[in-house]
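>>> Return atomic coordinates for the entry below.
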Amino acid sequence: MTAGTWKTPTLVLIGLIAVVSRGSGQTGPRAGDSPQSPRPLSTPVRVCAGGDVTLGTNLDSTWAKSNAEALWQQFGLRAHPDSLTLALRPFLAGADVVLINVEGAIGSGPAPTKCGRKSTTCYAFRQPPSAARAIRSLGIRGNDSGSVVVGNVANNHSHDAGPAGRVATIAALRAAGVRVTGVDTLATPLALASGDTIGVLGFYTESDSPNARDLPAVRRYVAHAVARYGTVIVTMHLGAEGAGAQRTRNANERFVNMDRGNPVGFADAAFAGGATLVVGHGPHVLRAAEWRGDRLVLYSLGNLLTYGPFNMQEPANRGAVACATIDSARYVSRAELRPTMQLWHGVLRPDSTHRAWTLIDSLSALDFPTTGVTVDSTGALRKRKRP
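Model prediction:
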């Protein structure tokens, strides 16, 4: 199979699960055995998930104007959310659930920004109101109702236009038909066409979202969702950022003097609560993935579609859509990666070099020698053979 010629995809997820940190002195099962018995689904669920998605910014008018001109002159694309998302849809084809991280506020008009005038390390993004409809369109399939589309707002950029801007973002997404997760500690229920209902729960390392640094609380919130829905997907926005943050370690990570959480400890906690799939984003680069028995954690899927003043140099221009099939609670039967590349801000293409396959395979071997995934020549995520 080559990039850009996908067959009906298996499940793609952008989520992460928390489990008790092995490095904190606490104890807990490595594979995350849960007291709840698995709850079967009437039919396997196909989910498509990716990392960070930003469809423009109107908080920086100078950047917006100059890059809109470059986008049209160099690539023949308009700087409109509907135009930008056209290239993303093929990566999500066939999914029952589409899950993305909404990296930025949504709205218009005067707004405060979290960044000071002289800041060189702060970025603020507010996408135009039409971004909400464009995000919902990622799940449209022909004439039917298509996929359930879930937008995660448990991240550091949903606050970019202030608290009122975050409220407006949530309202815009909901009005467009996007299911929103990461607003509070309750899982978002997804009623599927099959008649099944599953849950999605988003975490970030701040107090106004479910706090990914509070590992005992992560486990409780996930366990509560599992008790209600059985199958739960957890999405996590945490970890250090940039080219130097590709490795995944069982330790708290820092970025610009902020505690950005322990990704391995978080996955431990989520799995201990009974989560089925954990998908991470936040570092803006790809990271390792692990099989935890029949469950899967992807520590970072990187940038997916980012039209804003982001760093687009290697390796930040490489991402992936993760496709997985969930057969029942705590059972992922198969998974694959669909590698992406951004040629320019918001210019998305299939990556014919399959760089994501190589990166995730090698990083998984380095960081998780016994449990890390192997990525075969089709992009499928396999379990590592034990010596």
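>>> going forward, measure contacts between C-alpha atoms and count neighbours the same way
Fine.
>>> mind listing the strands for the stretch 201-350 of the chain?
232-237, 254-255, 258-259, 277-281, 289-292, 295-298, 303-307, 318-328, 331-344, 347-350 (DSSP state E, counting those that start in this stretch).
>>> wait, which of those strands is closest to P129?
strand 303-307 (14.8 Å; C-alpha to C-alpha).
>>> Show residues contacting that closest one.
With contact meaning C-alpha atoms under 8 Å, 6 or more residues apart in numbering, strand 303-307 is reached by 50-57, 85, 88, 284-285, 316-321, 340, 342, 345-348.
>>> hmm, 7 Å instead?
50-56, 284-285, 316-320, 345-346, 348 (C-alpha atoms under 7 Å, 6 or more residues apart in numbering).
>>> Just the C-alphas of stretch 194-204, formatted as PDB.
These are the backbone C-alpha positions of stretch 194-204, laid out as PDB (Å, rounded to 0.1, in the frame of the first residue of the first chain):
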ATOM      1  CA  SER A 194     -23.900   0.600  15.100                       C
ATOM      2  CA  GLY A 195     -25.900   1.400  18.200                       C
ATOM      3  CA  ASP A 196     -22.800   1.300  20.400                       C
ATOM      4  CA  THR A 197     -21.600   4.200  22.600                       C
ATOM      5  CA  ILE A 198     -18.000   4.700  23.500                       C
ATOM      6  CA  GLY A 199     -16.300   7.500  25.400                       C
ATOM      7  CA  VAL A 200     -13.400   9.900  24.700                       C
ATOM      8  CA  LEU A 201     -11.600  11.900  27.400                       C
ATOM      9  CA  GLY A 202      -9.000  14.600  26.800                       C
ATOM     10  CA  PHE A 203      -6.200  15.700  29.100                       C
ATOM     11  CA  TYR A 204      -3.800  18.600  29.300                       C
END
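>>> Could you check it and say which residues are buried?
Neighbour counts using 16 or more other C-alpha atoms under 10 Å place D196, T197, I198, G199, V200, L201, G202, F203, Y204 of stretch 194-204 among the buried residues.
>>> Including distance to L186 and pLDDT, could the residues you listed go into a markdown table?
Output for the buried residues of stretch 194-204, formatted as a markdown table (distance: C-alpha to C-alpha, whole Å; pLDDT from 0 to 100):
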| residue | distance to L186 | pLDDT |
| --- | --- | --- |
| D196 | 18 | 96 |
| T197 | 15 | 97 |
| I198 | 13 | 98 |
| G199 | 9 | 98 |
| V200 | 9 | 98 |
| L201 | 7 | 98 |
| G202 | 9 | 97 |
| F203 | 11 | 97 |
| Y204 | 14 | 96 |
